Each structure stands twice: as C-alpha cells, then as structure tokens.
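In: Everything below, folded, please.
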Amino acid sequence: MATFTERMAPVLVLWLAVFLSGTWAVDKGNFKTCDQSSFCKRQRALKPGESPYRALLETMELTNTRLTLQLINDNNKVRLLLELYRLQGNMTRVKINELKPLKPRYEVPDVLIREPPTEPLSLLSQDENGVVLSLGAESQRVILSARPFRLDIMEGRDVVMSLNSRGLLAFEHLRMRKDTFSYKVTSTVASVWNNIKRVFSSSQADPEAEKKEEADPAAQPEAAKEEEKDEDGMWEETFKSHTDSKPNGPSAVSLDFSLPGVEHVYGIPEHADTLRLKTTENGDPYRLYNLDVFQYELYNPMALYGAVPVMLAHNAQRTTGVFWLNAAETWVDISSNTAGKTVFGKMLDYVQGSNETPQTDVRWISESGIIDVFIMLGPTPKDVFSQYASLTGTQAFPPLAAVGYHQCRWNYNDQEDVAAVDAGFDEHDIPYDYIWLDIEHTDGKRYFTWDPHKFATPKEMLQGLSDKKRKMVAIVDPHIKVDSNYKIHNEIRSRSFYIKNKDGGDYEGWCWPGSAGYPDFTRADMRDWWASMFAYNQYEGSMENLDTWNDMNEPSVFNGPEVTMHKDAMHGAWEHRDVHNIYGFYVQMATAEGLIQRSGGVERPFVLTRAFFAGSQRYGAVWTGDNAAEWEHLKISIPMCLSLGLVGISFCGADVGGFFKSPNTELLVRWYQTGAYQPFFRAHAHLDTPRREPWLFGPENTALIREAVRQRYTLLPYWYLQFYHAHRTGEPIMRPLWVEYPEDPATFALEDEFLIGRDLLVHPVTEEGARGVTAYLPGKDQVWFDVHTFQKHNGAQNLYIPVTMSSIPVFQRGGSIIPRKIRVRRSSSCMMQDPYTLYVALNLQRTAEGELYIDDGHTFNYEKEFIHRRLSFANNVLSSVNLAPEAQFSTGSWIERIVILGASKPSKVLLKTDDGQESQVEFDFDASMSVLTLRKPGMNAGADWNVMLQ
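Out: So this is what the prediction gives:
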C-alpha cells in the first residue's frame, strides 16, 4: 500500500503548480492585518491618554548596577517589576515583567553577545512625585515620574526620549481561564476569604493597614486581578481554516516612545518600503513576523522574511536608537505631528511663528514575552552603530570569494549543466566566484544528499571548480522529509529534536519534500547535532569549496497559517509564538558553526539566510527574497538593503534580474549595474523563467554585463576593506548619505543613491529608458570625482548626469584614497597576488587619506595575520604607514600605478622606500583633467614608503 506521503505527492504537485503560477502576485488574504491579529487589534484600540500605571516609589531599590521598583495597574491591581540599567557606551536598558507571573514569560536568549556591562546609576533627587537619576554625564539624566508612570531621558533642558508619555504601556498578565475548574476554585476561595476579612475588620478603617496592603503584592487576591472582560481572540483565535488554541491566554506587551525634534525614523526591516519610515495612522502598523511571502507587494508595511526590531531616529543634532528585544510577532505604529504637512505648510508655520516642535511617536506591540528595550543615545550615527554592535555583535567577516559575483538559478539541471555554465563564463571573459544549486540537486528534497543520477559524482564536480579557484553553494533547508529511509530524519526523530505540536507529537507540515518535520533549532543540543552533519564524513560529496544556503527558514509551512508554523507548536516549554522571529537566526547560527567545525575552526564560513533577526549579522549574508523582474523591484532593493545596513546586517543584496518573471535586456543590464555596487552580488531566477546567463542576450548586452561585473572585481580591495571595517565597528558598508552628512537635511530621505563606506557615492540608473539621472553630491566644502571620467564636481549640489546604457554613475570623494586591482581574472582567488592601483582623489586642501587591508582571504588567521596600512597624501607626499605593526603577514602584491586626481604637474617624482633607497618614478600628466599617473613605482603593498612630488 502506498504511504501517505506518496499518495499525497500528486496533491502537493498540483498545489505547488497553482501556488507558483498564475498571476505571480502576493495574495494578501493569506496574511493577517492588524484587525485580524487579535492582540494587535486589542492593543491598538487603546488610545493615548492617562496611563493606568503608576510607580510605587516605596518599593524602589537602587544598587550600583540597577534600579528596580514596582509598577501597579490601578485598573486591575496587577503589579509589574521595572528594572532600569545604565549601560556602558551611553545606553539605557529598561525591562518590565510581571512581578509574580503565573509561569515564566519568555526572555530572548543568545541574541546579545554578552550580558551588557553596566555603569553606576546615582540618585540626584527624589520626592513623592518621582526620582531623578544621573546617566553619568553631568547634563544627562533620567526622570522617573510616579503618577502616572513615565520615563524621560534628558540632556540639559532637552528631552531626548520619553517612555509612556502617551500612556500606552500595556502588559497583559498571565491568568487562568475563567471557565476552567482551577479558576472557579481559586475565585471561590478568594471570595470566601474576602467575606471573612470584612466580618472581622473594624468599623474604623486603618489607613496604615491599607497602605501596607497596597505595598504587599501577596495581599492582592488572584481573583481580584481577573475582573477584566474577556474579548474575542484572547483564548482562541481562528484565521482562515487555522485555529490557534492560545493555552496561555492573552500575553501581549506594548510601550510607546516619544521623540521630540525628530521627523525621520529608519530601520525595523524587513519591509519593501521607503528608507524613511512612514506614519501608520491611516493604515496598518509595520509588522515584524518572519513570513514566506510569495512575490511581495511594494511600499507596504506587510511582514516579510526577516525581522530586526531596531529603529533609528535622526535629526541634524542627534541620532538615537531603540532596540526592542522580543522575538514574538510585533507591530510598530508610527505617528508624527508634522506628517502630511507640505513644505508650504511648514513654511507657513514658520512665518506665523508656530512653535510646535516636530515630534515622532512610536509604539511597539508584541504578542508575548516581556518588555526588554535598549535605548541607544548616540549622539552620532556611528555612536549608535557602535552601541548596537556592542549588544548584538558585528557583521561576520566573509571569505573574499563571497564578496565576488554569484551565479544562481532554480535549478542548474545536472553536473554537465554546471560545467557548461562554468565554461561559459570563461568563454565570455566574465569573472565569478560561486555557482549555486537549489533544491533540485538533492535526492528527492532530502537535504545533505545529491540526486544520484543528475549529481552522481559531486566531488568530481567540486574539484573541477576548485581547480579554477571557484566555489559552489548548495541549499540546505530546515524542513526535513518524513521518510524512514532518510538518515537525517531518523536521527532527528530518535533524538526527539523535532518541534512538537500542541498535543506532544512531532509537528509536521507541508513544504518542498511533501510532509516534513521541523528541527527545534532553539535547542543548543539540536544545533550542535545539526552542525556535526556538515562534517565531510557526514555530508557525503561535500568539500571545502562547498558553502551553504538556508532558505525557507521563517519557517515556511505551505499548509500552515500564513504559510508558517502554528503558534501553539511547542519548543520545549515555550510556544512557537514566543520564539517565531528567532527561528531563522538559529538555523543560520547552527549552519555557520557546522561549516567552521568541519574545517577544524580554520576556515571562515559563508552562509546565506532568508529569515533573520537581530544578531543575524554574526553568521553571514541575507538577501531580499523572492522579488520580481520589474523596475520598481530594482528600485526598492536600494532602501531595503540600506535599512538592513542601519541595523547591523551589512551583507545584503537582491536577486539580480528579479526572481519571478523575465526581465527585458535593459532591466537586466541595469540590475547588474546596480547589483555590482551592493554588498551581496548574486543573479538568481525562478524555475519557470527562461535561462538568463549573462551571455544569452547578444554581444552588446554581454559586453555591458561583463563591464559591470569587472567593475565589481576591480574594486574588491575596497569592498574587502569595508567588510573588515563593518566586522570591526558595526558600521554599515552600504549606507545612506545622512550617516556621513548628519547635519544636511537634504540627505535625510535620499534612497536612490548611497555610499559604499565613506568614499564612493553610487547613483544607479533605475528608471526605464533613462537618459539622465540627478545625483545629490553632499558636502559644501567637498569635491567629488567621477570615477570613469575623473571630472571634478563641487559638493552640496544636485548634479544632472546624462547616461547611456553603459553608464553607472559613481563618484569618489575628494580627500580619499581607494585601492583597486585593474587586472581582472576569472575569480577573486586568482587575483590574490596581483598588483594594486591607488586612486588618490585630492580635496580642496590638497590632502587625501585611505587604507589598504590584506589577509589570506579565507581563514580566521586574519585575527593575527594581516596587513593594514594607512595611505595619506599631504604636502605633496604620499605615504604608506603600518597600522598594525604587531600583525604578521606578507604579500606578493605590489603597487603598479598611482593615479592622483586634482593634481598639479610636478617636475619630478621620487620614491623613498623603508630601506632609505630613493628612485625616480615615471609619470604622465593630463592637464585637461588635472590627473597625474605614476607608472610602476614597484614597491611592495605591505611595505613602508613615501612618494614625493617635486
């Protein structure tokens, strides 16, 4: 008799055919709105006003590391415990939990890289209305108001941020369901006890006794807390055909933050929306709930694949951040007192003397867990990046090859197909580093296996790539085919590592293999086991040049509510609702650890993930998911990756060409030109789309794509340096202009151009049929050089740039030095020992600075073995100085050319090396463009030297 899976396979195929064809557009009916999410609807129904919470100052305890006190809800008498910490690095942490919950509430583990170190809080003043605490700096303090409860963070006379100023703090306490036997017994006992107390109480009320009873939470009978009316959706909720049993009842938490003087807020990815977040009063809040959204809609607050609950607020004076550490479904409401006002309206306010200070109000609503919020006080953008990095870590430093170009589709058919595509890149002289295999490479969607007919000798295939210094990525998804002949499934089941359903059995759902189980990656022992499966003797056919792609790890469950897992599934003691947004984080963590372990801790891993959370930057790269071959999807890739960079995830890219549909040649070329200047550079396409390798669109388009890819490879030394900085500092690689020009309001909402590091400004062409673009060049005392023509332009202007199909508008900042490798070979590894060309762009003061970073490109030895040099030009001398004299590394690369932009013609050029030798250097000077080119100075890239213009 056929197994259930075999019998259901045709049904799954039919369902997938419907799912993956037709209109190729998101069915919004599959995903909840706030009104359909009962906790969001319930919390959003609360309107700003007087908060029912007050602080019980008599319960306050102040130690060297924290302040604690109790809050009471005067409506239901439920008590909360407030903890306030001053953290090192100009941060404040606020935690709010139930004082005595019926059972523990979930607190997110593993995201923080350590318990954040604290600094002493000191009491400045106290009275019956509240307390004032110092935050270290003389002018920085926090005011805690008692009735109603409110926190204000001050600097001097300015309010930087307020908590609960709109009275929207809400904390749904855990309770017993009223129709249960336990509740009836408890409430009966409490009622009898109350009657006894009334009989024996004196006719004269004792004020001291009343005060004592209020201060003692044990004196509050449980039943007194249960008088709140049950609403629909508190104890059970149905969406479409799925019912969420909600055994713990209502458990939502909410808190509002007010940001005086702020009109621009950013972050909380992932959304296909503008860089500057919009107000949400007239629609749904932004939703953070990792979901497999089929061809997502643009300019929409719907949830997508990842969730990072971090928001940045910026004005010309200050940048701050809020990190809401909660892994449950979360909604974020944004309102502003200047929203909807036109420029004319704002001018009218100014002329009429309106003194209303701009303000943005933000409200966070999560379904479960506790309130655990980190307030990052900046004051500069880079301070906020540093503060957040100190909490959740920095971008993993990838192997150099991962910074190159990646060729992917669903799916390359077999080993012969892989070999043909690989040869096609050589034939057409286009470099690449990785070729990718999607789900069809496996034996029947059994991950860690190979199709025995199409990929019969995977090591032979991988060795062929390795011989050319190229690599491969194969997909390993976290849904495991339920099949008693499949080793991975049998081991997970025997170890009881699967997530459980609410009745205690293994949770099963439908995904690519058919019926699938879902490993519980929240368990450390499960993650350890998963990591061990990447060992070469476990993952048969794998080699050191095979890396990994984790897809579908939201997790995606085709027949689940909202195409994901039921919230009442169980991870040990915790419901899936508590941990949902962190599941993909754990999958990538375990996979990265597996790749590290298989090499004995030597090799840096490369892991791409679709789902992510705060801290995912520590484990690899992300991409923007299943986009479409449309011009608007090309445009939205820029703000989507900028938003991710602002919250620590720098290694971001979008599927070049669009995953769904087929791009015309103009769109495809423009997408390659844009993708070449984004951190993760991968072309990808759907199974049902025509093939689109770069040489399939005629010689002219092949040449345009080749040039875009080659520009990426010439800039690899600069890209690799930016990844090194991101790893060391947490600063984004691809960054909005306001990060470097924080006082220039013209930069605050720009999202069609961006910076790579400090020194390259890119304005891709993203309009169909464009004949020109207008780029804003920032900095009133700065100059910018077109990297293609060396034309110099002044800063603080909107520059119109005529474009043709070959144009990629890119500018180098005056005052910078950028290293390149002009000799492009078939992969990044082939270029390791090649020489450098230094591009020195002089500023108005005729100075410039830059850096050069070199290591072995693939191991963790970079922590001790590397070259890091400062390059500087001043007083007509260009010098290279060692920034890390304790580090040991040598390179065969040398400096073969130096190009100085904005130069004057010297009479001669001398090179002085570290051994004291002097020699003359040949040069050319282009007077029309003021470009000086020094030819073959010849010094080693890792040496000290000076080049003197005389």
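In: Which residue ranges of the stretch 101-250 of the chain form strands?
Out: With DSSP state E, counting those that start in this stretch as the definition, the stretch 101-250 of the chain shows strands at residue ranges 118-119, 122-127, 130-134, 140-145, 150-155, 158-163, 170-171, 237-239, 242-244.
In: closest one to A654 among these?
Out: Taking C-beta to C-beta as the criterion, A654 comes closest to strand 237-239 out of these, the separation being 30.0 Å. In this view, the C-beta of every residue, glycine as well, is placed from N, C-alpha and C.
In: Between the strands of the stretch 101-250 of the chain, which one is closest to Y713.
Out: Comparing the strands of the stretch 101-250 of the chain by C-beta to C-beta, strand 158-163 comes nearest, at 44.7 Å.
In: Pull out the buried residues from the closest one.
Out: For strand 158-163, burial by neighbour count (16 or more other C-beta atoms under 10 Å) applies to V159, V160, M161, S162, L163.
In: Same list (the strands of the stretch 101-250 of the chain) but as JSON lines, adding distance to W623.
Out: Supplementary listing: the strands of the stretch 101-250 of the chain in JSON lines, determined by distance: least, C-beta to C-beta, whole Å:
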{"stretch": "strand 118-119", "distance to W623": "37"}
{"stretch": "strand 122-127", "distance to W623": "47"}
{"stretch": "strand 130-134", "distance to W623": "44"}
{"stretch": "strand 140-145", "distance to W623": "40"}
{"stretch": "strand 150-155", "distance to W623": "37"}
{"stretch": "strand 158-163", "distance to W623": "33"}
{"stretch": "strand 170-171", "distance to W623": "36"}
{"stretch": "strand 237-239", "distance to W623": "28"}
{"stretch": "strand 242-244", "distance to W623": "29"}
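In: Identify the residues contacting L121.
Out: Shown in contact with L121 (C-beta atoms under 8 Å, 6 or more residues apart in numbering): L62, N64, T65, R66, L67, L84, Y85, R86, L133, S134, L135.
In: Let's see which of those residues end up in strands.
Out: If you go by DSSP state E, the contacts of L121 have L62, R66, L67, L84, Y85, R86, L133, S134 in strands.
In: quick one: the fourth one from S125, how far?
Out: From L84 over to S125 the distance is 16 Å, taken as C-beta to C-beta, to the nearest Å.
In: Same question for the first one.
Out: Distance from L62 to S125, counting by C-beta to C-beta: 13 Å.
In: Who has more neighbours out of those two?
Out: Of the pair L62 and S125, L62 is the one with more neighbours under other C-beta atoms under 10 Å, namely 17 against 10.
In: So the more buried one versus Y85, what's the distance?
Out: In this structure, L62 lies at 12 Å from Y85, with C-beta to C-beta as the measure.
In: Show me the beta-bridge partners of L755.
Out: L755 has these beta-bridge partners by DSSP bridges: R735, L761.
In: Now do the contacts for it.
Out: Applying C-beta under 8 Å, 6+ apart as the definition, the contact partners of L755 turn out to be M734, R735, P736, L737, V739, E740, L761, V762.
In: Let me have those in CSV, adding neighbour count and distance to V293 as columns.
Out: Putting the contacts of L755 into CSV (neighbours: other C-beta atoms under 10 Å; distance: C-beta to C-beta, whole Å) gives the following:
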residue, neighbour count, distance to V293
M734, 26, 23
R735, 22, 26
P736, 28, 25
L737, 23, 29
V739, 24, 29
E740, 19, 33
L761, 24, 32
V762, 21, 28
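In: out of those residues, who's nearest E575?
Out: Of all the contacts of L755, M734 has the smallest distance to E575: 36.7 Å, by C-beta to C-beta.
In: Does that closest one touch E751 like I think?
Out: No. Counting by C-beta atoms under 8 Å, M734 stays clear of E751, with 11.6 Å between them.
In: three-state assignment of A943?
Out: With DSSP: H, G, I helix; E, B strand; the rest coil as the basis, the three-state label of A943 is coil.
In: That one: neighbouring residues, count only.
Out: The number of residues packed near A943 is 17, by other C-beta under 10 Å.
In: shouldn't it be in contact with T913?
Out: Yes. Contact between A943 and T913 holds when scored by C-beta under 8 Å: they sit 6.5 Å apart.
In: which parts of stretch 52-68 are buried?
Out: For stretch 52-68, a neighbour-count test (16+ other C-beta under 10 Å) marks P52, Y53, R54, A55, L56, L57, T59, M60, L62, R66, L67 as buried.
In: Dump these to CSV, plus secondary structure.
Out: As requested, those are exported to CSV (three-state DSSP):
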residue, secondary structure
P52, coil
Y53, strand
R54, strand
A55, strand
L56, strand
L57, strand
T59, strand
M60, strand
L62, strand
R66, strand
L67, strand
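In: What is the nearest of those residues to A621?
Out: R66 (37.0 Å).
In: any idea how far that closest one is from F651?
Out: Distance, R66 to F651, using C-beta to C-beta: 35 Å.
In: rewinding a little: joint contacts of M734 and E751?
Out: With contacts defined as C-beta under 8 Å, 6+ apart, the residues adjacent to both M734 and E751 are L642.
In: okay, and for the stretch 851-950 of the chain, where does confidence drop off?
Out: Applying pLDDT under 70 to the stretch 851-950 of the chain picks out no residues at all.
In: Show me the strands in it, by range?
Out: Using DSSP E, counting those that start in this stretch, the strands assigned to the stretch 851-950 of the chain run over residues 867-874, 877-882, 895-901, 909-913, 918-920, 922-926, 931-935, 945-949.
In: Rebuild these as CSV, extending it with distance to T766 and mean neighbour count.
Out: Formatted as CSV, the entries for the strands of the stretch 851-950 of the chain read as follows, by distance: least, C-beta to C-beta, whole Å; neighbours: other C-beta atoms under 10 Å:
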stretch, distance to T766, mean neighbour count
strand 867-874, 33, 19
strand 877-882, 37, 17
strand 895-901, 27, 22
strand 909-913, 42, 18
strand 918-920, 47, 11
strand 922-926, 32, 13
strand 931-935, 30, 19
strand 945-949, 40, 20
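In: circling back: including pLDDT, could the buried residues of stretch 52-68 go into a markdown table?
Out: Compiled in a markdown table, the buried residues of stretch 52-68 are given as follows (pLDDT from 0 to 100):
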| residue | pLDDT |
| --- | --- |
| P52 | 97 |
| Y53 | 98 |
| R54 | 98 |
| A55 | 98 |
| L56 | 98 |
| L57 | 98 |
| T59 | 98 |
| M60 | 98 |
| L62 | 96 |
| R66 | 95 |
| L67 | 97 |
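In: and of these, the nearest to R712?
Out: Proximity of the buried residues of stretch 52-68 to R712 (C-beta to C-beta) peaks at R66, which lies at 48.7 Å.
In: Sounds good, over and out.
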